[in-house]
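Asks: Dropping the sequence and predicted coords here.
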Amino acid sequence: MELAGDGRFEGEAAIRAGAEAPVAGLGAAAALVAGRPDDLMAACREAAERARADVRRFKSGAGLEAYDEAFAALNDATARAEVARNASTDPAVREAAERADQLVQKLLTELALDRELYEALQRVEPDDEATRHYLRRDLREFRRAGVDRDDATRAKVKELNEELVRLGQEFSRNIRDDVRRVRLDPAGLEGLPDDYRRAHAPGPDGKVTVTTDHPDVFPLLTYAKSGAAREAAWRAFNVRAYPQNLPVLARLLEKRHELATLLGHRSWAAYVTENKMIGTAAAAAAFIDRIARAAEARAASDLAALLERKRQDEPGAKVIQPWDSAYYADRIKAERYRFDSQAARPYFESSRVLQGVLDVTARLFGLEYRAVPGATVWHPSVQVRDVTEDGAMLGRIYLDLHPREGKYNHAAQFTLTSGRRGARLPEGALLCNFPPAPGLMEHSEVTTLFHEFGHLLHHVLGGQTRWAGLSGVRTEWDFVEAPSQLLEEWVKDAQVLRTFARHHESDEPIPIDTVERLRAADEFGKGVMVRRQMFLAATSLQMHDRDPRGLDSTALVRELHAGYSPFPHVPDTYFHCSFGHLESYTAAYYTYMWSLVIAKDLFQQFERPGLFDRGVADRYRRAVLDPGGGKPAAALVEEFLGRPYDFRAYQEWLAR
């Protein structure tokens, strides 16, 4: 689950004749993603020229709007290029998108080091608190970028930033393009649902093929009775982008460290955490260790239960391997908690789940989602909705929910356009990999869809700000997951689920006792999950909190497995080569658990009066979502809670 593409600006390309609703600018961004490579490049060049002109105006005394529009143009241009390189079916468009992104990132670096621009921004007198926060934040980012350094340092910063963009693109491309295939005897699918087995019929040689795409590999790891089949799929999943990303990762780590130390920081982790809620790399490390210790006893209990269950199948088994975890957790949930996840799947048909997230959020926040027939899209499966409130347009969303060749292979929200009140409406996209209709989803996939939609909702509702630079999720990066994790809570409630979780054949709503058993079963494995998350967080942080010259990243992963992971390291696997967060979140994967602490605190406000209490929902929206990045995240949360956030709700959840 990931947030991506945090950018801003109005589309340049003309909307295809007759294809769009008559709202100025809407659809232009999608037309670029769906269009020709040359159009995408031309749009990025135009955005760059417009930004240069706005910067010149700002330096000459124009108001803050000129500055805001300059960076809006560039950030939205790079966001759209990111969507194109992750979603387009045309390799030429994906390649052009990488070049377009490099062009825009080069100019963003140049402007971040422009002393005249920095001095002009210092002269702006804010007329409200949000603008004051905007100026403080951006002036700090100029200094962090090195604007006040000597010419030689600034030249080196530009060089390093340009190389980091190229390396990051290469790292992500290698993950996206490396889809592995596992050939199995049909018996290897024993235990899988009937619809899965029908979709994986034997080929002419009698073998079935399973890919490492999420809709293929995760059901197999959960349901396949064959340990050999699970191991084969898990190993294939954990060697994606190997060996090609080992040297790319090494270069990324080296160049990040070089840039951070050039700018006066001890490490890249120190640099990255400085402008987050957590403040320092030391605080991030302490947080990771605090959570890991808190989950230690719970994880040990989980592992003992998993091993006990495995020994029913394999007497004398000594260890739970990572490919055992999901399968035996599912068995325990079925046998101990009487929750059969396969029996729940028929209630989660993918089109109904999508309608469910739309209906739930519409009811919660008083919204309406209107289909846009004939909208320009980059693939026929993409659905488009306009978001309205009391008849007024708030923005547009694009739902690209199913896997295909060459597409981003995880789940994330991407920006297309960041809004600015009175100028343009926000547009955003979900890129996910769920089974196409009438496919059946796991409850975990339902949770993922609600999570990612939480980012999309934050982008739209927070996209009505005075300045594009405060639009949507422009808060500290370690807060952005909290509103998404909060929305996950709605898919654990029986009455909420019964509004859309209906049997795909009988149309009966999911039974209340099934949901109650689901909730009870969901408590099992919590310790293992938290320890696994802390292993990922420690990997992310510690790879960046040292001088990486000569670092053996595989050896470090093996060492961190021993310290944090609930599972042993498996030789000849290289999960870090496909750990995409090492490119996007770099040292800050701790963000997910940090945000969860806050989300659990936020949710208590909804639990007491009821999940659809409009008074609480309106107060939450006004305090947390609508301001976008107009205040420090801690202030947004405190305004809603009436106090600073704390760990109590999280600790209660972990102990439950």
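Replies: Right, received. Where do you want to start?

Asks: where exactly do the strands run in the protein?
Replies: Secondary structure of the chain by DSSP state E: the strands cover 2-3, 181-184, 208-211, 368-371, 383-389, 392-400, 412-417, 427-431.

Asks: Tell me how many other residues crowd the residue lying closest to residue 634 once chain neighbours are set aside.
Replies: Once flanking residues are discounted, residue 634 sits nearest to residue 277: 6.3 Å by C-beta to C-beta, 6 or more residues apart in numbering. In this view, the C-beta of every residue, glycine as well, is placed from N, C-alpha and C. Neighbours of residue 277 under the rule other C-beta atoms under 10 Å: 21.

Asks: Assess the claim that residue 277 and residue 637 are in contact.
Replies: No. Between residue 277 and residue 637 there is no contact under C-beta atoms under 8 Å: 9.6 Å.

Asks: Please enumerate the shared neighbours of these two.
Replies: residue 479 (C-beta atoms under 8 Å, 6 or more residues apart in numbering).

Asks: need the contact list for residue 485.
Replies: Here residue 485 is in contact with 451, 454, 592, 595-596, 599 (criterion: C-beta under 8 Å, 6+ apart).

Asks: now those residues as CSV including neighbour count?
Replies: Converted to CSV, these look like this (neighbours: other C-beta atoms under 10 Å):
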residue, neighbour count
451, 22
454, 27
592, 20
595, 22
596, 21
599, 24
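
Asks: Pull out the buried residues from stretch 201-216.
Replies: For stretch 201-216, burial by neighbour count (16 or more other C-beta atoms under 10 Å) applies to 208, 210-216.

Asks: Need the residues that contact it.
Replies: Against stretch 201-216 from outside (C-beta under 8 Å, 6+ apart): 179-186, 188-189, 200, 217, 220, 233, 236-237, 240, 403, 409-411, 433-435, 439.

Asks: and the two most separated of the buried residues of stretch 201-216?
Replies: Across those, the longest distance by C-beta to C-beta is 17.6 Å; it joins 208 and 214.

Asks: Mind pulling up the pLDDT for residue 24?
Replies: At residue 24, the model reports a pLDDT of 55.

Asks: With residue 410 instead?
Replies: Reported pLDDT for residue 410: 89.

Asks: That one reaches residue 580, doesn't it?
Replies: Yes. Counting by C-beta under 8 Å, residue 410 touches residue 580, with 6.3 Å between them.

Asks: quick one: residue 610 from residue 637, how far?
Replies: Applying C-beta to C-beta, to the nearest Å, the value for residue 610 to residue 637 is 21 Å.

Asks: neighbour-wise, which of the two wins?
Replies: Between residue 610 and residue 637, counting by other C-beta under 10 Å, residue 637 is the more crowded of the two (21 against 11).

Asks: List the buried residues in stretch 70-80.
Replies: 70-80.

Asks: Can you list the neighbours in contact with that stretch?
Replies: 5-11, 29, 32-33, 40, 43-44, 47-48, 50-52, 54-55, 58, 100-101, 104-105, 107-108, 111, 414-418, 420, 468-469.

Asks: One more: stretch 281-298?
Replies: With C-beta under 8 Å, 6+ apart, stretch 281-298 has contacts from 266-267, 269-270, 272-273, 278, 526-527, 530-531, 533-534, 537-538, 541-542, 545, 564, 587-588, 590, 593-594, 651, 654-655.

Asks: Can you give me the neighbour number for the closest residue to residue 649 other than its chain neighbours?
Replies: Once flanking residues are discounted, residue 649 sits nearest to residue 600: 4.0 Å by C-beta to C-beta, 6+ apart. Neighbourhood size, residue 600 [other C-beta under 10 Å]: 22.

Asks: surely residue 600 meets residue 655?
Replies: No. In this structure residue 600 lies outside contact range of residue 655 using C-beta under 8 Å: 11.8 Å.

Asks: so what's the residue nearest to residue 128 when sequence neighbours are not counted up against?
Replies: Leaving out its chain neighbours, the residue that sits closest to residue 128 by C-beta to C-beta, 6+ apart is residue 466, at 7.8 Å. Shown in contact with residue 466 (C-beta under 8 Å, 6+ apart): 128, 130-131, 420-421.

Asks: ok, residue 182 to residue 227 distance?
Replies: 14 Å.

Asks: ditto for residue 186
Replies: The value you get for residue 186 to residue 227, if C-beta to C-beta is used, is 16 Å.

Asks: same check, this time on residue 582
Replies: 30 Å.

Asks: Over to residue 191?
Replies: 11 Å.

Asks: Restricted to helices, list the contacts of residue 485.
Replies: The helices, defined by DSSP state H, take in 451, 454, 592, 595-596, 599 from the contacts of residue 485.

Asks: what ranges of the stretch 551-656 of the chain fall below the confidence cut-off?
Replies: Applying pLDDT under 70 to the stretch 551-656 of the chain picks out no residues at all.

Asks: OK, contacts around residue 311?
Replies: Here residue 311 is in contact with residue 317 (C-beta under 8 Å, 6+ apart).

Asks: all numbers from here: first residue = 41
Replies: With 41 as the first residue, the last one maps to residue 351.

Asks: what's stretch 574-582 in contact with?
Replies: By C-beta under 8 Å, 6+ apart, stretch 574-582 touches 309, 321, 324-325, 328, 331-332, 335, 596-597, 600-601, 603-606, 616, 619, 621-622, 625-630, 632-633.

Asks: So for that stretch, what gets flagged as buried?
Replies: Quick answer for stretch 574-582 (16+ other C-beta under 10 Å): 574-582.

Asks: Any idea how far it is from the middle of the chain?
Replies: 17 Å (C-alpha atoms, centre = their mean, to the nearest Å).

Asks: for that stretch, what is the average pLDDT?
Replies: pLDDT averaged over stretch 574-582 gives 98.

Asks: same question, stretch 280-290
Replies: 98.
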